[in-house]
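J.: Next input, structure requested:
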Amino acid sequence: MSHSVELDGIGMTFGTTRAVSDVSFTVQAGEFFSILGPSGCGKTTILRMIAGFLEPTEGRVLIGGRDMRGLGPNQRPTAMIFQSLALFPLMPVWENIAFGLEARGMGRTDRRRRADDLLRLIALEGYGDRMPGELSGGQRQRVAIARALAVEPGVLLLDEPLSALDLKLRQHMRAELRDLQKRTGVTFIYITHDQSEALAMSDRVAVMSNGLLQQTATPRALYDNPATPFVARFVGETNAIGGRISAIGDGMARVDTAMGPLHGRADRHLAIGQGATLYVRPEALVPGAGRNVLSAQVERVDFEGAFAMVHGRFANGAALAAAVPSTRLAEAPAPGSRASFSFAPEHAVVLADA
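T.: Here you go, the predicted structure:
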């Protein structure tokens, strides 16, 4: 049975250091929910408060609607997977998986049966008598997940479990984790600093910065409609052009910039005369003239297979990045040239400066 998790104004202070401030969100039962942010933003502190390793200095953690105040990790319907995985190297795989069941008094025969069931679930049937050292990194990762699932948690907490794997294996494990979560129906709360992981796997994502919750939304909404300048810059690559609001209407804003007036979708908090920044993704830029034109000196063109990334500098020294699809490589400007790119107003967002 999966459980919901509600954070109600939680905060955490270590001495004079404020690690987490007034964070509130709800994770629905059976949801794959990620907490995304740079190192030191407070995401692991939040996970440890949910697990019961830390008691919030203010606010409440509710799991399945029940206040967890005063309940330790062994009293909560949660299981946690750490970065290190912490498998027992001298214990066969099946005993690693069933370790928590032994502590609960389950007999050896039943423990082995449960471990074998979970090995089938994670596509490692027949591996029960192997030692952890005989497995690949991805296989050990799956064993750690099976061990956590063995105790039938309502919520599975994962603290950057893929960070030690190479790129190809991380990409493979993303798909496996997502599939496993959907098959089991267990609520997953996943901690990561890797935006591509969060966007690829999650039903919803909470973005953190300096202990503050910046935005909670679906991956597509985070990417297309960032609510704050931090989210706009942190989630995916973007071009940021600063200026001042000169007009607002019909959901659009005009920003007067050093490169001339530019138009984009207006955030609801904008006012005429206010300092603001227009954010436009590299893939939204099209070589050539249009309504919104950006001109830059091209420094290099990096071919990346499906597209070429054009890197350049505006006259004010700010960086430009434009993605040209491989089907249109003939239109990519040459390094050292001066090039113009345009974009549709609906593909850019204008946010007030913080």
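
J.: Scan the helices and strands of this structure for the one with the lowest mean pLDDT.
T.: Averaged element by element with mean pLDDT, DSSP states H and E, the chain has its least confident helix or strand at helix 167-184 (a mean of 83).

J.: Now do it: which elements does it pack against?
T.: strand 32-36, helix 108-121, helix 137-150, strand 187-192, helix 195-201 (3 or more C-beta pairs under 8 Å, 6 or more residues apart in numbering; DSSP states H and E). Yep, even glycine has a C-beta here, placed from its N, CA and C like the rest.

J.: try it again with 7 Å
T.: Where contact means 3 or more C-beta pairs under 7 Å, 6 or more residues apart in numbering; DSSP states H and E, helix 167-184 is packed against helix 137-150, helix 195-201.

J.: what domains does the record give for this protein?
T.: By the assignment in automatic domain parsing, the chain contains the domains 5-224, 237-352.

J.: Quick one, which of those gets closest to residue 231.
T.: domain 5-224 (5.0 Å; C-beta to C-beta).

J.: gap between that closest one and the chain center?
T.: How far domain 5-224 lies from its chain's middle: 13 Å, per C-alpha atoms, centre = their mean, to the nearest Å.

J.: Endpoint to endpoint, that domain covers what distance?
T.: This stretch, domain 5-224, spans 26 Å end to end (C-alpha to C-alpha, to the nearest Å).

J.: which stretches of the chain form helices?
T.: 43-51, 93-103, 108-121, 137-150, 167-184, 195-201, 219-224, 229-234 (DSSP state H).

J.: Out of those helices, which is closest to residue 346?
T.: Nearest of those (C-beta to C-beta): helix 219-224, 10.1 Å.

J.: Provide the contact partners of that closest one at residue level.
T.: 198, 199, 202, 205, 207, 215, 231, 235, 236 (C-beta atoms under 7 Å, 6 or more residues apart in numbering).

J.: Are any of the residues you listed buried, and if so which?
T.: Buried subset of these (neighbour count, 16 or more other C-beta atoms under 10 Å): 198, 199, 202, 205, 207, 215, 231, 235, 236.

J.: got these as TSV, with distance to residue 247 and pLDDT columns?
T.: Shown next, in TSV, are the buried ones among the contacts of helix 219-224 (distance: C-beta to C-beta, whole Å; pLDDT from 0 to 100):
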residue	distance to residue 247	pLDDT
198	35	94
199	33	94
202	37	96
205	33	98
207	30	98
215	26	97
231	25	97
235	28	94
236	27	91
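
J.: List the residues that contact the residue sitting nearest the centre point of the chain.
T.: In the chain, the residue lying closest to the centroid (C-alpha atoms, centre = their mean) is residue 198, at 2.9 Å. Residue 198 sits next to 34, 36, 192, 205, 219 when contact means C-beta under 7 Å, 6+ apart.

J.: Good, wrapping up.
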